[in-house]
Structure formats: C-alpha cells, structure tokens
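Colleague: Predicted model and sequence below, questions to follow.
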Amino acid sequence: MTGYSNFRQRLDAVLRTLDMRQVREFLIAEKQWQPGQPADPEFAMWMMIAGSPTLRDLHDRARQWLVSHGHEEEANAVLRKGKGSSQGKKKSQIGKTKS
C-alpha cells in the first residue's frame, strides 16, 4: 500500500467516527494541520467526508450538516460529483477527444 493510500484509509476510518477531536488529533499528528488550524475544523471534517468516495454512506449526513450551517454551495460543488447530473457530465467530458 502506498503512503498516500495508507494515509487515506486511516483518515477515512477517523472521519467515520464523526469525532472532531479525533479528526483534529489525527491530522495534527500527520502534520496536515497545525493546532488552531483550520479556523473551522468541523466544516473541514464534513467537507472531507463529503469528498470521500469510501464514505458515501455518510454523504447525506454531510450534506445536511453543510446546508444547515450555511455551506450549501460547497455541499453542491462536492456532492454532485458522480451523481450523473448533466452539469457534472459536461465537466467530465471537457478535454476528452473522440476516438
């Protein structure tokens, strides 16, 4: 397992706990965050959950939290990926050439 794959698997396991304290401690220990950063760690946690393909079972919960805390635009940007929306399909085809 590559270093990033191992990190990602461990991060997803910590995110699955939904425990902001554990997420913060893990990311500080991994030198991804510094104490006191980011300014809104709970928002960051829910965005990471929303962006993780392996945490799809928590995506609805992430959307609910994000929208209820004034982050609907961010929720839409992250959670529309792979949903089959026409906008998402158009973006995914940019740069592709026909064979």
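Modeller: Right, received. Where do you want to start?

Colleague: and the residue minimising distance to the centre of the chain, what pLDDT?
Modeller: By C-alpha atoms, centre = their mean, the mean C-alpha position of the chain lies nearest to residue 48, the distance being 2.3 Å. With respect to pLDDT, residue 48 scores 98.

Colleague: surely it meets residue 11?
Modeller: Yes. At 7.3 Å, residue 48 and residue 11 qualify as touching, with contact defined as C-beta atoms under 8 Å. Every residue, glycine included, has its C-beta placed from N, CA and C.

Colleague: hang on, the earlier thing: OK, contacts around the residue nearest to the centre of the chain?
Modeller: Applying C-beta atoms under 8 Å, 6 or more residues apart in numbering to residue 48 gives the contacts 11, 15, 23.

Colleague: mind listing which of the residues you listed are in helices?
Modeller: Of the contacts of residue 48, the ones assigned to helices by DSSP state H are 11, 15, 23.

Colleague: Fine by me, we can end here.
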